[in-house]
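# I'd like to go over a predicted model; first the sequence, then the structure.
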Amino acid sequence: MRRMLVMLLLWAVCCAPGAALGSGQGQDPHLAAISDLELAGPVSKAAAAYLGVSPGEGGLRLSQVKAEFLLVEVFSMYCPYCQAEAPGVNALYERLGKSPAAGRIKLLGIGAGNTPFEVDFFRDKYKVPFPLFPDQDFLCHQALSGPGTPYFMLLKADRAGGFTVLHSHMGGFGDPARFLDTLLAKAGLR
Amino acid sequence: MRGFLASVALAAALAAAPAWAGPVAPQHIFDPGRLPATDSVLKVAVGQPAPDFTLPATGGDKVTLSSYRGRKNVVLSFVPAAFTPVCSDQWPGYNFARELFEQREAIVLGISTDNTPSQYAWTREMGGLWFPVLSDFWPHGAVASAYGVLRGTGVAERAIVIVDKKGVIRFIDVHDINTRPDLGVIVQELDKLRK
C-alpha cells in the first residue's frame, strides 16, 4: 500500500499531464513550434499598434510580433476556467502596463477551437483590452500539444526570430500581482 | 505514516491535475476517438413544419416542442452522448452565451439519446444549464429518427435545427460530430428570423 502511495506521489509530481509543461526555464518541449504559430486575422488597428505589426484582414506569425517578451494565453470561450480567469488576466494586463515591464512584455490570447465570432463574444463580454486571435481548427493548440486551458507561456524573443520559453503555467494563476512578480523574475526585469 | 502519505499523494495529484477546456472533469470524459463526420439521412427540410415531440427533461417535467409556438424560436441542439469530449463543452458554451439566445427570443432544447439519470449527472457536473435537456432514450432515439439525425450506433448526430415561432424549420446543420457548430452561425440564423 505504502509503495503504491509513493508511486502515486512520484507520478503526480513528475509525470502527470501538465508537469512536462511546468515552469522549468527553457525546458518546454514545444519550443520549436512556437515561432511558427500562425495567428488568424483580422488584426485590428489597436491590436496592430500594440503588437507592432500591420493591421488588416490577414493574420500574422507569432514571430512577427515586435516584443522583447511575450505572454501568450491559450484560452477558450467555452472554458469556464478561462471565463473565471478573464477579469484576472485583464487585471494582469493593467498591472503590466504600470510595471517595469511596460512596453517590454506584451500579452496576447489564442482562442483554442474558437471561431472569430466566439473570440469576439469573449472579448466583448469581458472587455478584454489586449489582442485575441481565433484558432478555429486548433492548429496553434495542437502545435503546443493541446494544453488544458487556460495556459500561459512567457516567451523571450531571440535574434533569429524564435522564442525561448521562460515560464509556462497551466490553469488559473490566482493573484495577478503575484503572477506578475513571477513573470518579472523569470524575465529578469525585477 | 500511511495516512500522511495518502494525504500528500492526493494533494499532489490534485495539484498536478491540469485545467481543462470543459467544466466536466477530464477523468469523467469518455473519448470515443475520431468518428465518421455524419451517419444518417435527414428526413426533414427547411420550410417544413418541425415534427412535434414531447420528451422528459432532467428537471422531472416533460417538454413539448409545440408549446413554444407563438412564444419562442427554438434551437434544437442534438448531441451524441453525455460525458464525451465535444458535447461536454458545447452546452456550457450556450450557458455562457445565454443572452445571445434570449436577445433573439430563442430557447435551446438540448437533446441526446441518453437516459434522464445520465443526463442529470452530466448536467449537474456542468454546474447546471439554463435550458431544458431532454432525453430521447425511449422509444430509443424516436425524435432523432423522426428528424433523420439518428446514427447507426444509436446516438444522435451533432445537429442544430432552428424552428421559428410558427413551428417551421428555418435552419438545419448536421454538423461533423467531431467538432462544435460555430456559435456565430447559430446567432446569424436567429437574426434572420427577426427580419
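Nice, thanks for sending it over.
# and the closest residue to chain B within chain A, how many neighbours?
Residue of chain A nearest chain B, by C-beta to the nearest C-beta: A:F117 (2.6 Å). To be clear about C-beta, it is placed using only N, CA and C from the backbone, and glycine gets the same treatment. By the criterion of other C-beta atoms under 10 Å in any protein chain shown, A:F117 has 20 neighbours.
# give me the element it is part of.
Remark: A:F117 resides in helix A:116-126, with elements defined by DSSP states H and E.
# ok, and what's touching that helix?
A:40, A:75, A:77-78, A:82-83, A:86-87, A:90, A:111, A:114, A:128, A:132-134, A:136, B:93, B:96-97, B:100, B:182-185, B:187 (C-beta atoms under 8 Å, 6 or more residues apart in numbering or on different chains).
# Can you go through those and name the buried ones?
Among those, those buried by neighbour count (16 or more other C-beta atoms under 10 Å in any protein chain shown) are A:40, A:75, A:77-78, A:82-83, A:86, A:90, A:111, A:114, A:128, A:132-134, A:136, B:93, B:96-97, B:100, B:182-184, B:187.
# Just the ones in strands from the residues you listed, please.
Counted as lying in strands by DSSP state E, out of the buried ones among the contacts of helix A:116-126, are A:75, A:111, A:132-134.
# Looking at these, which is nearest B:I172?
Nearest to B:I172 among those is A:P134, at 24.8 Å by C-beta to C-beta.
# ok, that closest one - contacts?
A:40, A:111, A:114-116, A:118-119.
# cool, and A:V89?
A:73, A:107, A:109, A:128, A:150, A:176.
# repeat that for 10 Å
By C-beta atoms under 10 Å, 6 or more residues apart in numbering or on different chains, A:V89 lies in contact with A:71, A:73, A:75, A:82, A:107, A:109, A:126, A:128-130, A:150, A:152, A:172-173, A:176, A:179.
# Then B:R158?
Applying C-beta under 10 Å, 6+ apart to B:R158 gives the contacts B:35, B:37-38, B:77-80, B:86-87, B:90, B:112, B:149, B:151, B:173-181.
# Chain B: helices as residue ranges?
Remark: helices assigned in chain B by DSSP state H are B:2-16, B:87-96, B:98-102, B:116-125, B:142-147, B:183-192.
# Oh, that last question was meant for chain A, not what I typed.
Assigned by DSSP H, chain A shows helices spanning A:2-10, A:31-34, A:45-51, A:80-97, A:116-126, A:139-143, A:176-187.
# one step back: spatially, which two of the contacts of A:P134 are the most separated?
Longest span within the contacts of A:P134, C-beta to C-beta: A:A40 and A:E118, 12.2 Å.
# Give me the common contacts of those two.
Contact criterion C-beta under 10 Å, 6+ apart; residues shared by A:A40 and A:E118: A:111, A:134, A:136.
# Phi, psi for the closest residue to the last one other than its chain neighbours please.
Counting by C-beta to C-beta, 6 or more residues apart in numbering or on different chains, A:T115 is the residue found nearest to A:Q136 once chain neighbours are left out, at 5.1 Å. With angles defined as degrees, to the nearest 10, A:T115 sits at phi -80, psi 170.
# which residues does B:V163 bridge with?
In this structure, B:V163 bridges to B:V74, B:I169 when assessed by DSSP bridges.
# if we can go back for a sec, which of the helices of chain A has the lowest average pLDDT?
Lowest mean pLDDT of the helices of chain A: helix A:2-10, a mean of 42.
# And stretch B:184-195, what's buried?
For stretch B:184-195, the neighbour count (16+ other C-beta under 10 Å) marks B:184, B:186-187, B:189-190, B:193 as buried.
# show me what contacts the closest residue to chain A within chain B?
Nearest residue of chain B to chain A: B:G184, at 2.6 Å (C-beta to the nearest C-beta). By C-beta under 10 Å, 6+ apart, B:G184 lies in contact with A:114-121, B:100.
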